[in-house]
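> Predicted model and sequence below, questions to follow.
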Amino acid sequence: RPSAEIVLPAGVRVRCLLWLDRRTWLVGDDAGGLLRVAVPLNLLDASAYRCVRVFDCHAGRVAGLAALPGCHVAVTAGADGSIRALDYLTGATLQARAFGAGASCMALLAPVGASCKVVVGFDDGSVRRLQRCSDGWLLLGAQRPHSAPVVVVTVARSGARAATLAADGTAFFFDTPSPDEWRPIGFCHLPGGAPTCADWAHDGEHLLAGCASGAVVQVVAPSPGSVDTTRWETHSY
């Protein structure tokens, strides 16, 4: 028979539980992290249980990681949907924010210390742009250019264009006058199939994508207003 019921802190999803000793539980949080629960002598006294979060971490695969220049901070994106800024000297989580879909890739937009900006692709086909602030992550904008998981997010070296590539073989292009403003241009289907990686050529006019088929595809980047995606020039190698 159940003898007592306790409520853990808000947002905790129990993944596993271990009896460390007769008076201590360790609880794995499916939302990320580890908790220690002190068990009272009277097991029926639900109010006497004490819960302390030992540390925070991603729950599952880390899909993206970037070290910020000039400081000992790394930004990570996880399959649990959380975006975190970590002090990798102390292991402390400085800022964190969670979303409903799992993150699948990430790229830095403006890697400037405490106010860095990132763009994150998600499993539901959405893309979010975030700015790191002293008290958390500020959402700058969100779009859903794909219906399949986003595999790659890449920004041209000039910062004027960006592209997102999804597991269904589509590439979506954006005009990006600033990290705060991404204007959709349109998409095309890559002849090489599902992409695995991509990068912009130095001229900012061509996107190169590696595909699971072994092909490398070159796409001539469209200009704003190029809505006829059937005329975009693509080459396979």
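Sure thing, it's come through. All values reported here derive from a predicted model rather than from experimental measurement.
> can we go C-alpha only for contacts and neighbour counts from here?
Fine.
> what helices or strands is the helix or strand hosting residue 28 leaning on?
Taking DSSP states H and E as the definition, residue 28 sits inside strand 24-29. Other helices and strands packing on strand 24-29, by 3 or more CA pairs under 8 Å, 6 or more residues apart in numbering; DSSP states H and E, are strand 14-21, strand 34-38.
> ok, 10 Å please
Judged by 3 or more CA pairs under 10 Å, 6 or more residues apart in numbering; DSSP states H and E, strand 24-29 is in contact with strand 14-21, strand 34-38, strand 50-55.
> which one of those lies closest to residue 167?
Smallest distance to residue 167 across the helices and strands packed on strand 24-29 (CA to CA): 29.0 Å, for strand 14-21.
> Quick one: residues contacting residue 3.
43-46 (CA atoms under 10 Å, 6 or more residues apart in numbering).
> Just the buried residues of these.
Among these, not one is classed as buried by 16 or more other CA atoms under 10 Å.
> The nearest residue to residue 18 once chain neighbours are set aside and residue 42, how far apart?
Spatial nearest neighbour of residue 18, excluding adjacent residues (CA to CA, 6 or more residues apart in numbering): residue 26 at 5.1 Å. According to CA to CA, to the nearest Å, residue 26 and residue 42 sit 19 Å apart.
> Between those two, tell me which one has more neighbours.
Comparing residue 26 with residue 42 by other CA atoms under 10 Å, the one with more neighbours is residue 26, at 20 against 10.
> hang on, isn't the more buried one packed against residue 16?
Yes. Proximity of residue 26 to residue 16 meets the contact threshold set by CA atoms under 10 Å, at 8.3 Å.
> Find the residues that touch each one of the two.
Common contact partners of residue 26 and residue 16 (CA under 10 Å, 6+ apart): residue 34.
> residues in contact with residue 201?
156-157, 207-208, 218.
> Filter those residues down to the buried ones, PyMOL style.
Buried residues within the contacts of residue 201, by 16+ other CA under 10 Å, are selected in PyMOL with:
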select buried, resi 156+207+208+218
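> Could you dump the contacts of residue 201 into TSV and include secondary structure, pLDDT and distance to residue 7?
Listed next are those as TSV, based on DSSP: H, G, I helix; E, B strand; the rest coil; pLDDT from 0 to 100; distance: CA to CA, whole Å:
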residue	secondary structure	pLDDT	distance to residue 7
156	coil	92	49
157	coil	88	50
207	strand	94	51
208	strand	95	51
218	strand	93	55
